[in-house]
Every structure is written in structure tokens, then in C-alpha cells.
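I'd like to go over a predicted model; first the sequence, then the structure.
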Amino acid sequence: MRPMVQSIPLLRKIRQANVEWFSPSNKRFFKDRSYYGYYGGKTGKSYLVRSTYAWTDMFGEKPRLHYRIDTLNQETEEIGELIDIEFKTLDDAREWLKDN
């Protein structure tokens with residue numbers, strides 16, 4: 001089993017392949033705070049992890065920081081589908097990544 005690690009070079013590749021995604025206006029619209037590139041622990045596939053306030057302030061709720069994981073095209077590092085799980089902490093997201 002390959003260890004799950006955060007990768008700065010991976011995040012650079014993701015940013016290069018998805019320039020508009022990381023634009024200041026897109027970051028502001030989705031209320032993203034920070035981004036991390038990780039490789040899955042079992043498959044070695046790459047993922048984008050975002051800390052974000054996105055959509056938590058709908059219906060008068062107080063904004064709440066949470067973490068989301070996006071799949072990546074393994075050849076081009078283009079951002080793909082959003083994993084349909086909301087993680088409360090970065091450690092929770094990392095635990096999910098260990099098993100994937």
C-alpha cells in the first residue's frame with residue numbers, strides 16, 4: 001500500500017491544468033480558503049482537497065468551514081467530479097484518502 005501524502009508539486013500541476021478554477025474571482029465565489037494536492041493511499045490516484053465555506057450560508061445559516069475532495073483526471077490533472085461527502089476536518093478528509 002502506498003502512503004497517502006500531501007504533494008506541493010502535485011498542487012502546482014493541478015493549478016497549471018486548471019487556471020480558471022484557481023482565479024481570485026472563482027475562489028471568492030465558492031468561498032474557498034485553501035487547496036491541497038494528495039495521492040490516495042491505496043490507489044495512488046491524485047485528488048484535490050479544498051477547505052471551503054461554499055454553500056454553508058444558504059437559508060440564513062452561519063458560514064461553516066468544511067473540506068471537499070475533487071477527483072482528478074490522472075493524465076492531465078484536470079479537476080473532475082466532486083466526491084459527495086462533506087468532511088468536517090482535514091484529518092477526516094485524510095482518513096478517506098488513506099482508503100482510496
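Yep, that arrived. What you see is a predicted model, and the numbers here were worked out from it, not measured in a lab.

what pLDDT does residue 40 get?
We have a pLDDT of 93 for residue 40.

swap that for residue 3, please
47.

which regions of this protein lie under the pLDDT threshold?
The chain contains residues with pLDDT under 70 at 1-6, 56-58.

one more time with 90, if that's ok
Within the chain, the stretches with pLDDT under 90 are 1-8, 30, 54-64, 74.

helices of that one, start to end?
8-17, 24-30, 90-98 (DSSP state H).

most tightly packed of these?
A comparison of these by mean neighbour count, using mean count of other C-beta atoms under 10 Å, puts helix 90-98 on top with a mean of 17. C-betas here are computed from N, CA, C, even on glycine.

what comes into contact with that helix?
4, 36, 38-42, 47, 49, 51, 67, 69, 83, 85, 87 (C-beta atoms under 8 Å, 6 or more residues apart in numbering).

stretch 52-65 too?
Against stretch 52-65 from outside (C-beta under 8 Å, 6+ apart): 30, 31, 32, 33, 51, 66, 67, 68.

hmm, try it at 6 Å
30, 31, 32, 68 (C-beta atoms under 6 Å, 6 or more residues apart in numbering).

you'd agree the third one is up against residue 50?
Same thing as residue 32. Yes. Counting by C-beta atoms under 6 Å, residue 32 touches residue 50, with 5.3 Å between them.

the more surrounded of the two?
residue 50 (22 against 17; other C-beta atoms under 10 Å).

coming back round to it: and of the contacts of stretch 52-65, the nearest to residue 99?
residue 68 (16.9 Å; C-beta to C-beta).

tell me how far that closest one lies from residue 75.
Here residue 68 is placed at a distance of 23 Å from residue 75 (C-beta to C-beta, to the nearest Å).

cool, residue 53 as well?
To residue 75, residue 53 is 31 Å away according to C-beta to C-beta.

show me where this structure has its strands.
Secondary structure of the chain (DSSP state E): strands at 32-39, 46-52, 66-72, 79-82.

figure out which of the helices of the chain is closest to residue 79.
helix 8-17 (7.1 Å).

the closest one vs strand 46-52, what angle?
80 degrees (axes from the mean of the first three to the mean of the last three C-alpha atoms, to 10 degrees).
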